[in-house]
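S.K.: Quick one, fold the following:
(one chain, ligands or ions: 1)
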Amino acid sequence: AQSHVLWPEIDRITAEQLHYARQGVGEGVWELFAEDGEMRMYKREEEVNGLVVDPLKAVHTVKGVTGFEMCHYFFSPDYRLDWETTIEQMKVLEKVSDDTMIFLQIHKRVWPASQRDALFWSHLRQVPDSRDPDAQNIWIVCNHSTEHHSAPEKSNGKYIREKSNGKYIRVFLTVALVCQTMIEPPKNGAQITRDDLTCKITYCSVVNPGGWAPASVLRAVYKREYPKFLKKFTHYVYDQCKNKPIRF
Ligand SMILES: CC(C)(C)c1cc(CCc2ccccn2)cc(-c2ccc(S(=O)(=O)CCO)cc2)c1
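M.R.: Residues are numbered from 1 along each chain as shown. Down below sits the predicted model:
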């Protein structure tokens, strides 16, 4: 993918998001708004031009899967409709490489806001841990909004069913899923099983709704949808992996 026109941006945004994900939520600006078992969800209330753009940061610990497996199921288009309940349609507009794709997603309408779509590149990468050079166990998926000639801001009906109003509002998003595999080596030198695995997850997202939507609606959707998404997604990955060989 190094030759693709997007590569410098993909490299920069992915590095920035990895750094941002690693920053703790200790500094007072983050507000804990949801908790469920090991999952903690934090947000900051921010508005850009009067639009709610509350950054989200979630941390979670899931036993029995690796960081690669978690990122693989998040990245791959083949499984997205199994766990993503907020989208109506999804299309891979371009396969840049095995680890980089461009997606167009039509999200379900959230009344009374008008329907949105999202166009973004998605990049999967294993990252060396600066603090621990031989930690080969950190993976990241970074999603970031982009332009694409085949999906201009108006839905031109070419790929996606034309809606009555002929266009969707396009959200602008930057999302990162950073997953680290922790292994508790079995005492007796036995082979590692899924019981010895723990996946530490950090999920960060900033979504600009792109057009006006009532702050109360967006914050209600946000509060309801994000905990549901992370819980459903992590359970889905555990179920998909539990009877399969471990993939690091
Ligand atoms: C919850 C909120 C921040 C509002 C929101 C609104 C909408 C657009 C749909 C919508 C909802 C509510 C109001 C208006 N439009 C999309 C998303 C969104 C899109 C993508 C991803 S992802 O992590 O890249 C997984 C791949 O799909 C996460 C979140 C979030």
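S.K.: do you know how far the residue with the largest distance to the centre of the chain is from the ligand?
M.R.: Taking CA atoms, centre = their mean, the residue of the chain most remote from its mean C-alpha position is residue 188, at 37.6 Å. Computed as CB to the nearest ligand atom, to the nearest Å, the residue 188 to the ligand distance reads 41 Å. In short, each C-beta sits where N, CA and C put it, glycine included.
S.K.: before we move on, what about residue 223?
M.R.: On the measure of CB to the nearest ligand atom, residue 223 and the ligand end up 9 Å apart.
S.K.: from what I can see that residue touches residue 34, true?
M.R.: Yes. Using CB atoms under 8 Å, residue 223 makes contact with residue 34 at a distance of 7.1 Å.
S.K.: quick one, which of these two is more surrounded?
M.R.: Here residue 223 and residue 34 are compared on neighbour count by other CB atoms under 10 Å; more neighbours surround residue 34, at 19 against 15.
S.K.: quick one: that one from the ligand, how far?
M.R.: With distances taken as CB to the nearest ligand atom, residue 34 is found 13 Å from the ligand.
S.K.: from now on call the first residue 48
M.R.: Happy to do that; since the first residue is 48 now, the last one works out to residue 81.
S.K.: What sits closest to that residue if chain neighbours are left out?
M.R.: residue 88 (3.9 Å; CB to CB, 6 or more residues apart in numbering).
S.K.: How about residue 134?
M.R.: Closest residue in space to residue 134, ignoring its immediate chain neighbours: residue 152 at 4.8 Å, by CB to CB, 6+ apart.
S.K.: burial count for the one you found?
M.R.: By other CB under 10 Å, the residues close to residue 152 number 21.
S.K.: The one 5 residues further on now?
M.R.: Neighbour count for residue 157, taken as other CB under 10 Å: 18.
S.K.: Same check on residue 289?
M.R.: Counted with other CB under 10 Å, residue 289 comes out at 10.
S.K.: Kindly confirm my reading that residue 234 is in a helix.
M.R.: No. According to DSSP: H, G, I helix; E, B strand; the rest coil, residue 234 belongs to no helix; its state is coil.
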